[in-house]
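Peer 1: Okay, sequence plus prediction incoming.
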Amino acid sequence: MANSGNGGIFDLGELRNLIDELGSVSGEEREALLAEMAGGDEDCDCGECESEVLSFPPVEIASSAELAEAVLSVPLVRDARLLAAWTGTREVTGEGLLLAADARDAAAELRLGDDRLRLVWIVAVNAGLLRIVRTSVSPGPGLPSDLMEFWDGVVMDVLDRTDEGLTGSAVADEHLTEMLATIYATTDGITYAALVEGMLQAHEIGCEARGPEMRRLRESLPAELDVALDLLEYCGLFERGADSVRLTPLGVWAVRQDLLREGHDAPLLSEIAGFAELSAAELVDAMLSGEAPSSAPMLWVERRVPEDAARELIKVAASGTAGQRGVIGTVLEEMGPEAEPAMREALAEPSMWRHAAVWLGVRDLDAPALTEDDGTWLAVDTLATLLHIPDAHEAMGEFEALEAGDELLRLVEDISRSGHPDAIAVLDLLGAHHPEATVAKASRKAAMKARSR
């Protein structure tokens, strides 16, 4: 689930996905409105926009002592130390590499191919096991006292080599970070078949690969990936079973470090375990305040019978604010058919039945039909979530993607006639913060009309 980056559990884009089910405008108009609200599909090159923040399941990390001991057993680290000892002091090329004859001797001594020798050399030099001055190399200070900082640098050296053909598979190199993140999110590991299929999908979507290329890759990728996994196992990141692959404890630690550097939500189990003991109301308050990380609600759900968890959340949402319904909705959207009985009970709740109808409908389950007025009510309820965010003024930046247009102006007019208790507050919000003068003016005018009624 994406995080807003504003400290909360949800982002406005996810909440606005509900509007896709509203039915308050025609299909074409609804798509146009959603495109405006999402900012379209074009990539922004302003350099100021942040990338999407992702939330990952909580993990357990081995102790520092266990991890530090494991670093020295990684084949790549072992060979880097052996190469440094073998090299000693000698001449190197202008690019800081071993001379051709020395490289052949080192490869034979350490039983390494040319590609692995280059990677081992880079690790040895960057880690300080060797020191290069002009065209000569000599022993460096050796391993640092902080072996985890050393290991972090080793992994960064490995990942930095993807542009040069790290694994021997162009597809694996292109999507290596996605592969690592996917396996990180599956604590029990992933089967080879699922990994191959995931890589193919990532390549087809991310690289817009066409039919002929995809047919070729379906035949060649399994073998390519097998070679790539051998290399990543050599680097200490993966361990392989008979039909699956998973991250090593060092791999889990390293991938988490990288995710945290990128600003993603990758908590330790110990950091969020306390949230699982909260009541539903307490959890929702923590979600709204931003105290609870994005992964806390799912852990809360996992510790309960799914149907009971949904029922507890719905009870809070039915008597709560739009903000509470907003964050609870993001949790319910992640729940599967096991929550259906609770969602059917929610059809009897005045403030929840429309949300429940949407939930059932998108899962192709029998659900009440929504009218245009119901759709407008849901739109208001969705936008009213902003009224309950502590940093709502910052979140208003989301509205910069809303361009003035007939569809948006029509929605503003519909909101003024809505029976939602937050309709006027939403119009006031748009009137005060929307950057487009026409939309802001129309919202203020609509708010006056609503008050007069």
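Peer 2: Received it, and whenever you're ready, just let me know what you need. Numbering: from 1, shown residues only.

Peer 1: What helix or strand is residue 412 located in?
Peer 2: Here residue 412, judged by DSSP states H and E, is contained in helix 406-416.

Peer 1: Can you give me the buried ones in that helix?
Peer 2: Neighbour counts over helix 406-416 (16 or more other CB atoms under 10 Å) mark 407, 408, 409, 411, 412, 413, 414, 415, 416 as buried. To be clear about C-beta, it is placed using only N, CA and C from the backbone, and glycine gets the same treatment.

Peer 1: Equivalent analysis for stretch 420-431, please.
Peer 2: Using 16+ other CB under 10 Å as the test for burial, stretch 420-431 gives 420, 422, 423, 424, 425, 426, 427, 428, 429, 430, 431.

Peer 1: what ranges do the strands span in this structure?
Peer 2: Applying DSSP state E to the chain gives strands spanning 2-3, 53-54, 90-91, 130-133, 136-139, 190-191, 238-240, 244-247.

Peer 1: and residue 288, which of these is closest to it?
Peer 2: For residue 288, the closest of those is strand 2-3, at 13.8 Å, according to CB to CB.

Peer 1: I'd like to know how many residues surround residue 129.
Peer 2: A count of nearby residues for residue 129, using other CB atoms under 10 Å, gives 23.

Peer 1: Tell me the predicted confidence for the residue lying closest to it once chain neighbours are set aside.
Peer 2: Of all residues not flanking residue 129 in the chain, residue 84 sits nearest, at 3.8 Å (CB to CB, 6 or more residues apart in numbering). Here, the pLDDT recorded for residue 84 equals 95.

Peer 1: So residue 84 sits against residue 141, correct?
Peer 2: No - between residue 84 and residue 141 there is no contact under CB atoms under 8 Å: 10.8 Å.

Peer 1: more neighbours, those two?
Peer 2: Set residue 84 next to residue 141 and count neighbours by other CB under 10 Å: residue 84 wins out with 24 against 9.

Peer 1: just for this structure, where's the confidence low?
Peer 2: 1-51, 390-405 (pLDDT under 70).

Peer 1: per-domain residue ranges of it.
Peer 2: 2-54+377-452, 64-149, 171-261 (automatic domain parsing).

Peer 1: how deep is residue 438 tucked in, by neighbour count?
Peer 2: Residue 438 has 13 neighbouring residues, counting by other CB under 10 Å.

Peer 1: same question, residue 377
Peer 2: Residue 377 has 23 nearby residues by other CB under 10 Å.

Peer 1: Just give the nearest non-adjacent residue to it, would you?
Peer 2: Nearest residue to residue 377 in three dimensions, chain neighbours excluded: residue 420, at 5.1 Å (CB to CB, 6+ apart).

Peer 1: could you list every residue that touches the one you found?
Peer 2: Neighbouring residues of residue 420 by CB atoms under 8 Å, 6 or more residues apart in numbering: 376, 377, 380, 381, 384, 426.

Peer 1: quick one: the fifth one and residue 351, what's the gap?
Peer 2: Translated: residue 384. Residue 384 sits 11 Å away from residue 351, going by CB to CB, to the nearest Å.

Peer 1: you'd agree residue 413 is up against residue 447?
Peer 2: No - with contact defined as CB under 8 Å, residue 413 does not reach residue 447; the gap is 11.3 Å.

Peer 1: Residue 253 touches residue 149, doesn't it?
Peer 2: No - Residue 253 lies out of contact with residue 149 (CB under 8 Å); the separation is 11.7 Å.

Peer 1: Centroid-nearest residue for the chain?
Peer 2: residue 54 (2.2 Å; CA atoms, centre = their mean).

Peer 1: Look up how far residue 151 lies from that one.
Peer 2: Residue 54 sits 23 Å away from residue 151, going by CB to CB.

Peer 1: do the same with residue 111
Peer 2: 23 Å.

Peer 1: Look at those two and report which has more neighbours.
Peer 2: The residue with more neighbours, out of residue 111 and residue 151, is residue 151; 23 against 8, by other CB under 10 Å.

Peer 1: From residue 442, how far off is residue 373?
Peer 2: From residue 373 to residue 442 the distance is 20 Å (CB to CB).

Peer 1: So for those two, which residue has more residues nearby?
Peer 2: Counted by other CB under 10 Å, residue 373 and residue 442 do not tie: residue 442 has more neighbours, with 23 against 16.

Peer 1: Please enumerate the helices of the stretch 101-250 of the chain.
Peer 2: 114-126, 147-159, 170-174, 176-184, 192-206, 211-234, 249-261 (DSSP state H, counting those that start in this stretch).

Peer 1: still on that earlier bit, a markdown table for the buried residues of helix 406-416, including distance to residue 93?
Peer 2: Formatted as a markdown table, the buried residues of helix 406-416 follow (distance: CB to CB, whole Å):
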| residue | distance to residue 93 |
| --- | --- |
| 407 | 63 |
| 408 | 63 |
| 409 | 67 |
| 411 | 66 |
| 412 | 68 |
| 413 | 72 |
| 414 | 71 |
| 415 | 70 |
| 416 | 74 |
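
Peer 1: Many thanks, I have nothing further to ask.
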